[in-house]
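J.: Quick one, structure for this:
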Amino acid sequence: MTDTSLKEKAQLQFGTGLALLVAALLGATVIVPAETGYDPFGSGAALGVVKGVDPAVHSVYSAAPVQDQVRFTLDPFQSVEYKYRLDAGDTLVYGWHATAPVVFEMHGELDGAPAGASERYHIGRRAEASGRFAAPAAGVHGWYWQNRGFETVEVSLTASGFMASARLYDRSGVREVSLSGG
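T.: Numbering: from 1, shown residues only. Predicted coordinates for the structure are as follows:
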């Protein structure tokens, strides 16, 4: 290697190291406090990116997440809808499984939206799905499942997160479901 290429390599390594150091410092002093409210150095408050954690929000997330498990039996061409009450930013982790493919739609009815309006998140036909969901706005968010086959199908849902309650929509009407923590 020539002296010029060694010098360029050393400059590149130094620049890369410096960039990583700056990124780590910005992450610890600005990004983490702004995104999470955790401000170990006090820099977030000093820079005005965080003014501390709202006690109401902090109390919600200090509690243990709620866990819910439900099962639905769907006769041919029957449907059911199950949704959770979530505030904006509340998250849940979910997984559902059906004994045969079903038509499904994951959607939300946002607080303050016109009656009947909903936001669609996922739609399709399958026998299972899982993931993490963060509510974009306060409202009820969940799933609609419909059995379009000629055999009875069982749908099982497991969810864990910061949901306040659940709402079941079936041929009997609409029912509120209370959830317990932990």
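J.: for the chain, what helix or strand is lowest in average pLDDT?
T.: Ranked by mean pLDDT, DSSP states H and E, the weakest helix or strand in the chain is helix 55-62, scoring a mean of 44.
J.: which element follows that helix toward the C-terminus?
T.: Using DSSP states H and E, the helix or strand that directly follows helix 55-62 along the chain is strand 66-74.
J.: Please identify the buried residues of that following strand?
T.: By neighbour count on 16 or more other C-beta atoms under 10 Å, the buried set for strand 66-74 is 66-68, 72, 74. Every residue, glycine included, has its C-beta placed from N, CA and C.
J.: So the residue nearest to A159 when sequence neighbours are not counted: helix, strand or coil?
T.: With C-beta to C-beta, 6 or more residues apart in numbering as the measure, Y94 is the residue that lies nearest to A159, at 4.3 Å, once sequence neighbours are left out. Look at Y94: counting by DSSP: H, G, I helix; E, B strand; the rest coil, its state is strand.
J.: per-residue confidence for Y94?
T.: pLDDT, Y94: 95.
J.: Tell me how far it lies from P65.
T.: 12 Å (C-beta to C-beta, to the nearest Å).
J.: Show me which of the two is the more surrounded one.
T.: Counted by other C-beta atoms under 10 Å, Y94 and P65 do not tie: Y94 has more neighbours, with 19 against 16.
J.: For the more buried one, which residues count as its bridge partners?
T.: For Y94, the beta-bridge partners are G131, A159 (DSSP bridges).
J.: what's near enough to touch it?
T.: 129-133, 157-161 (C-beta atoms under 8 Å, 6 or more residues apart in numbering).
J.: nearest to S172, of those residues?
T.: L157 (18.0 Å; C-beta to C-beta).
J.: Does V155 touch H97 like I think?
T.: Yes - when contacts are counted by C-beta atoms under 8 Å, V155 is listed as touching H97 (7.4 Å).
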